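> Sequence and predicted structure are below.
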Amino acid sequence: MATPERILVIAAHPDDIEFAAAGSIAQWVEAGTQVTFCMVTDGSAGSNKPDTDLKALVQQRQQEQCEAAAILGVKDVRFLGYPDGVLQPTMELRRDLTRIIREVRPERVLLQDPSLIFAGNFYINHPDHRAAGEAATYAVFPSAGTRPIFPELLAEGYEPYDVTELYLMFPVQADTYVDISAYEDRKIQALLCHKSQLGPEVGDMVRKWDAEEGKNHGYAFAESFRVMKLKEDPQTQSEGSAAVPEQMTEG
């Protein structure tokens, strides 16, 4: 699949992106893509210690996210600052995400799959992940490309824009696998920047996950996505439409 000029990645918390897509992002950046990260919450629920200085924690988590992004080659990191742990897919949040989409004008948007509730028999998906994913989905469509929605954004100078493709991170049903074998070490390095949340043992856990994702596709390590093609790019339109295969891979 062609590497786009601009990608926007939207996630609820600092470290969410690194778990789901850091290897793919490092590869796309190296190929010349400009990537923007948008962190929806402030990360302030990232500690259960009763004496935690939450303002200091917010600052630490932002710094950790910026350090992780730098390892992946990402220079543009946005923080919306919504309270961590109680996120809702409100119109306010959708408007904020619509504004960023119209400003960045990405061909590809990555977001958290809002339909995921249970992951296997061991994890209940965080409601912030679902709320951020839902708001981002509806910011992509219909809000970003529809002129009468959020007319106040027009007054701010943000014209409508249509995203070409949507990548769902940690999807309920994956159909695209990206070979990150050459970028797995960098992914782990980026993850370990989140020292307030993660210990060194996370490296072995994530390597195991990514090896499992890659083994059926001939990759040492892979990340999986569900990809939605929302509109055809000009080259595809000129060549005629083609059916999207049930399972795609990116090497």
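Great, that's in hand.

> which stretches of this protein have low pLDDT?
Per-residue confidence of the chain (counting by pLDDT under 70) places the weak regions at 1, 233-251.

> What does V77 show for phi and psi?
phi -120, psi 120 (degrees, to the nearest 10).

> Skip the chain neighbours and tell me the closest residue to it.
The shortest distance from V77 to any residue other than its chain neighbours is 4.6 Å, reached at F37 (Cβ to Cβ, 6 or more residues apart in numbering). All C-beta atoms are positioned from the backbone trio N, CA, C, and that covers glycine.

> what helices or strands is the one helix or strand that neighbour maps to leaning on?
Assigned by DSSP states H and E, F37 falls within strand 34-41. Counting by 3 or more Cβ pairs under 8 Å, 6 or more residues apart in numbering; DSSP states H and E, the packing neighbours recorded for strand 34-41 are strand 6-11, helix 16-30, helix 54-72, strand 76-82, helix 91-104, helix 127-138.

> For the residue nearest to V77, the count of nearby residues, please.
By the criterion of other Cβ atoms under 10 Å, F37 has 25 neighbours.

> Report the beta-bridge partners for it.
Legend: beta-bridge partners of F37 under DSSP bridges are V9, V77.

> Just to check, it is in contact with H13?
No: in terms of Cβ atoms under 8 Å, F37 does not count as a neighbour of H13; the distance is 11.6 Å.

> could you dump stretch 55-75 to CSV, C-alpha only?
Only the C-alpha atoms of stretch 55-75 are listed here, as CSV (Å, rounded to 0.1, in the frame of the first residue of the first chain):
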residue,chain,number,x,y,z
LYS,A,55,0.1,17.9,37.8
ALA,A,56,3.7,16.7,37.9
LEU,A,57,2.5,13.3,36.5
VAL,A,58,0.7,15.0,33.6
GLN,A,59,4.0,16.9,32.7
GLN,A,60,6.0,13.7,33.0
ARG,A,61,3.7,11.8,30.8
GLN,A,62,3.8,14.5,28.1
GLN,A,63,7.6,14.5,28.3
GLU,A,64,7.6,10.7,28.0
GLN,A,65,5.3,10.9,25.0
CYS,A,66,7.5,13.5,23.2
GLU,A,67,10.6,11.4,23.9
ALA,A,68,8.9,8.3,22.5
ALA,A,69,7.7,10.2,19.4
ALA,A,70,11.3,11.5,18.8
ILE,A,71,12.6,7.9,18.7
LEU,A,72,10.0,7.2,16.0
GLY,A,73,10.9,10.3,14.0
VAL,A,74,7.7,12.1,14.9
LYS,A,75,8.1,15.8,15.5
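
> Identify all contacting residues around that stretch.
14-15, 17-18, 22, 25-26, 29-30, 35-37, 39, 42-44, 46-47, 77, 79, 186, 189-191, 193-197 (Cβ atoms under 8 Å, 6 or more residues apart in numbering).

> That concludes my questions; thank you for your assistance.
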